[in-house]
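A.B. asks: take this sequence and fold it.
(one chain, ligands or ions: 1)
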Amino acid sequence: MQRPIYLDCHATTPLAPQVLAAMLPYFTEHFGNPASTHQYGWETEAAVKRSRQILAEAIHAAPEEIVFTSGATEANNLAIKGVAETYFSKGRHLITLQTEHSAILDPCRYLQTLGFEVTVLPVQPDGLLNLDTLEKAIRPDTILVSVMAANNEIGVLQPLSEIGAICRHHQVLFHTDAAQAIAKIPLDVQTMQIDLMSLTAHKVYGPKGIGALYVRRRDPRVQLAPQLHGGGHERGMRSGTLYTPQIVGFAEAVQLGLSELETEAKRQSKLRDRLWEQLRSLPDIYLNGHPTQRLPGNLNVSVEGVDGQALALGLQPLAAVSSGSACTSAQLEPSHVLTALGRSPALAHASLRFGIGRFNTLEEIERVAIGTIETIQSLRQRIL
Ligand SMILES: *Cc1c(COP(=O)(O)O)cnc(C)c1O
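C.D. replies: Numbers count the residues shown, from 1 in each chain. Below is the predicted model:
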């Protein structure tokens, strides 16, 4: 049986063959602990050093500013809790967005139970943060602003440079969750004035279980309380033996992504626009999120007059997509991102997220467009 067309690249991506090839020797032949002071350790230490350099350059940072973690969830936790724990004597107020990933919102909620105050800012109907809203929310006791680079549901790209400038002006640390953005859009921690940035490998054709936190070392020097104590790895900020194969794969994936960033952005946005052009021929179908300020491979739509769950189910044999119903079906709660845009619960449920990636073709997109239209039409007839 043929599997459905994979269009869920915001959830995860397949490992690129080149990435696997780069990783393999570090599972077997080069297995040493990078912290060991002998030949075996030196081999993997050199590989980690090269990888760190590649990742640092990818975001215009210094290698010493990269702290390896198990992924973006851990990087977000380290950034938010690490800053809160270090700077609480300066202030206990944090700012974030309603449309953030749960790996931001949940650590913030946890901090609230410890006595921190968190302002969760609304977004505009197009998903973008209003800069005046941000500026007004900053208080003398604000220690951190955390605003994501690219949204995992609607692909919306927040204005990082403008946010960075505001934070720097008010001397508040600026963290961004760039899990969806790395090697997809240009990122520069210098020009964007970013102090902390979370990264992950598995959304850019790298392995699962590896990520990093960028931690600014000067102007200002960011201090972080570690959340994992142990051998003092990663400048004391994250203990644990470095996972060399994953680190090598992470760097390879990012390097590959950067080498084709512009051509893939063009190609994927063409596919995305083609899909939307077809789908919008239907009446009462709405685009979620800003039409252009979004990830090239992202299309998120809401469909009037169909049941969310039936829509998700109807598409299953054709395409592996994510829906506003499926991802939280356990609780039957509509997507918090779509409701933050002002979508009704029904429209938030009846939504589809298409995550187009490197391996998708125009032929696949045409098939998915036709199949989606047919599914929606037949569901609407059933309701009538
Ligand atoms: C996937 C994702 C995460 C979680 O990353 P992991 O590496 O899977 O822990 C965090 N934030 C965003 C925006 C994501 O898309």
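A.B. asks: distance of Ala22 from Glu252?
C.D. replies: Noted for Ala22: a distance of 4 Å to Glu252, by Cβ to Cβ, to the nearest Å. Just so you know, the C-beta spots here come from the backbone N, C-alpha and C atoms, and that holds for glycine as well.
A.B. asks: and for Val156?
C.D. replies: Distance from Val156 to Glu252, counting by Cβ to Cβ: 28 Å.
A.B. asks: for this protein, which helix extends over the most residues?
C.D. replies: Criterion DSSP state H: the longest helix present in the chain is helix 362-383.
A.B. asks: contacts for the strand or helix carrying Gly249 next, please.
C.D. replies: Here Gly249 sits within helix 244-259, counting by DSSP states H and E. Residues outside helix 244-259 that contact it (Cβ atoms under 8 Å, 6 or more residues apart in numbering): 15-16, 18-20, 22-24, 26-27, 30-32, 34, 44, 47-48, 50-52, 54-55, 58, 68, 182-184, 201, 204-207, 209-212, 264.
A.B. asks: how about it against the ligand, any contact?
C.D. replies: No. Legend: contact between helix 244-259 and the ligand by Cβ under 6 Å from any ligand atom is lacking; minimum distance shown is 10.5 Å.
A.B. asks: off-centre distance for stretch 170-185?
C.D. replies: Relative to its chain's centre, stretch 170-185 lies at 9 Å (Cα atoms, centre = their mean, to the nearest Å).
A.B. asks: same check, this time on stretch 170-188
C.D. replies: Here the centre of stretch 170-188 is set off from its chain's centre by 10 Å, with Cα atoms, centre = their mean.
A.B. asks: straight-line length of that stretch, end to end?
C.D. replies: One end of stretch 170-188 to the other measures 20 Å (Cα to Cα, to the nearest Å).
A.B. asks: swap in stretch 22-37?
C.D. replies: With Cα to Cα as the measure, stretch 22-37 spans 24 Å from end to end.
A.B. asks: what does stretch 191-199 give?
C.D. replies: The straight-line separation of the ends of stretch 191-199 (Cα to Cα) is 18 Å.
A.B. asks: could we number from 43 for the rest of this?
C.D. replies: All right, first residue 43 from here; so that's stretch 233-241.
A.B. asks: report how many residues lie close to whichever residue of the stretch 243-392 of the chain sits closest to the ligand.
C.D. replies: Proximity of the stretch 243-392 of the chain to the ligand (Cβ to the nearest ligand atom) peaks at Gly253, 4.9 Å away. By other Cβ atoms under 10 Å, 26 other residues sit near Gly253.
A.B. asks: dump the residue contacts of it.
C.D. replies: Applying Cβ under 8 Å, 6+ apart, we find Gly253 in contact with 110-117, 221, 240-243, 292.
A.B. asks: chain neighbours aside, what residue packs nearest to Gln213?
C.D. replies: Nearest non-adjacent residue to Gln213, counting by Cβ to Cβ, 6 or more residues apart in numbering: Pro262, 7.8 Å away.
A.B. asks: turn the contacts of Gly253 into TSV, columns for secondary structure and neighbour count.
C.D. replies: Listed next are the contacts of Gly253 as TSV, based on DSSP: H, G, I helix; E, B strand; the rest coil; neighbours: other Cβ atoms under 10 Å:
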residue	secondary structure	neighbour count
Phe110	strand	25
Thr111	strand	27
Ser112	coil	17
Gly113	coil	21
Ala114	helix	28
Thr115	helix	20
Glu116	helix	23
Ala117	helix	30
Ala221	coil	27
Ser240	strand	32
Leu241	strand	32
Thr242	strand	29
Ala243	coil	31
Phe292	helix	31
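A.B. asks: which helices and strands does the longest helix of the chain pack with?
C.D. replies: The helices and strands touching helix 404-425, judged by 3 or more Cβ pairs under 8 Å, 6 or more residues apart in numbering; DSSP states H and E, are strand 47-48, helix 303-321, helix 350-357, strand 361-362.
A.B. asks: can you list the residues of the protein near the ligand?
C.D. replies: Within the chain, the positions adjacent to the ligand are 113-115, 143, 145, 190, 194, 219, 221-222, 242, 245, 253 by Cβ under 6 Å from any ligand atom.
A.B. asks: repeat that for 5 Å
C.D. replies: Gly113, Ala114, Thr115, His143, Ala145, Asn194, Asp219, Ala221, Gln222, Thr242, Gly253 (Cβ under 5 Å from any ligand atom).
A.B. asks: which non-adjacent residue is nearest the residue of the stretch 93-242 of the chain found nearest the ligand?
C.D. replies: The nearest approach of the stretch 93-242 of the chain to the ligand comes at Gly113, 2.6 Å away (Cβ to the nearest ligand atom). Distances taken as Cβ to Cβ, 6+ apart place Gly253 nearest to Gly113, at 4.0 Å, with adjacent residues excluded.
A.B. asks: likewise Phe73?
C.D. replies: That would be Tyr82: by Cβ to Cβ, 6+ apart, it lies 7.1 Å from Phe73.
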